[in-house]
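[1] pasting the sequence and the predicted model now:
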Amino acid sequence: GENVEQHPSTLSVQEGDSAVIKCTYSDSASNYFPWYKQELGKGPQLIIDIRSNVGEKKDQRIAVTLNKTAKHFSLHITETQPEDSAVYFCAAGNFGNEKLTFGTGTRLTIIP
Amino acid sequence: DTGVSQNPRHKITKRGQNVTFRCDPISEHNRLYWYRQTLGQGPEFLTYFQNEAQLEKSRLLSDRFSAERPKGSFSTLEIQRTEQGDSAMYLCASSRVEKLFFGSGTQLSVL
């Protein structure tokens, strides 16, 4: 089955700086890679996703890059703000089947 | 669009008791998923439905667990003879195509 590894487990950045979270996956058949943000006491919230036919996708301050050959993908958050503080999860699966395999999460703290 | 709703938000039970959770998906979403999340980990897939049909179950789902979606709308997850290892957040999610939307979960504590 699929295995997703995520690094780092914790990340602290100064407000306004950029944050990068990296994930690797094992199953070359995976073609859908979403990122979720989870705040305390809430369920994961989808923030951005990418399919394997695209190398990069951007949505305002958030971008995701995918390297299919190396089987890794990354989340980039620019101009970080205090409200970006949360736990972020990467996931991998197959488009059209949302049986996702999640990483172990990154706790991001934005320092004012 | 009122989002995915889960009840109860918290459940404390004694070992050996049965518990049942309910999930109301986003209307018109034909797929419904159950995931389990333990502290410090990402969600783990348990099972999913397309309309009323349960299409896949994870090996994590022991025979003490049963899920239903009788009319293709809301779903229930029942755990019989709970064990301390069942303590976790149980998350429900729904989708129509591709994007998975999660509820806030039911936090189960087995004493």
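    Structure received.

[2] could I get the contacting residues of residue 15?
    No chain specified, so I'll use chain A. A:Thr80, A:Gln81, A:Pro82, A:Ile110, A:Ile111, A:Pro112 (Cβ atoms under 8 Å, 6 or more residues apart in numbering or on different chains). In short, each C-beta sits where N, CA and C put it, glycine included.

[3] the intended chain is chain B.
    Contact analysis of B:Arg15 by Cβ under 8 Å, 6+ apart lists B:Thr82, B:Glu83, B:Gln84, B:Val110, B:Leu111.

[4] same deal with A:Thr65?
    Residues in contact with A:Thr65 (Cβ under 8 Å, 6+ apart) are A:Gly55, A:Glu56, A:Phe73, A:Ser74, A:His76.

[5] now the last one: closest residue in space that isn't a chain neighbour?
    Yep, that's A:His76 we're talking about. When the adjacent residues along the chain are set aside, A:His76 lies closest to A:Ala63, with 4.5 Å between them (Cβ to Cβ, 6 or more residues apart in numbering or on different chains).

[6] what bridges to residue 7?
    Looking at chain A here, since you left the chain open. With DSSP bridges applied, the residues forming beta bridges to A:His7 are A:Lys22.

[7] please refer instead to chain B.
    For B:Asn7, the beta-bridge partners under DSSP bridges are B:Arg22.

[8] the single nearest residue of chain A relative to chain B - how many residues pack around it?
    Shortest chain A-to-chain B distance, computed as Cβ to the nearest Cβ: residue-wise this is A:Phe102, at 2.9 Å. One way to gauge burial is a neighbour count; for A:Phe102, by other Cβ atoms under 10 Å in any protein chain shown, it gives 24.

[9] okay, it: pLDDT?
    On pLDDT, A:Phe102 comes in at 96.

[10] who's in contact with it?
    Taking Cβ under 8 Å, 6+ apart as the criterion, A:Phe102 is in contact with A:Val4, A:Tyr36, A:Phe89, A:Cys90, A:Ala91, B:Gly42, B:Pro43, B:Glu44.
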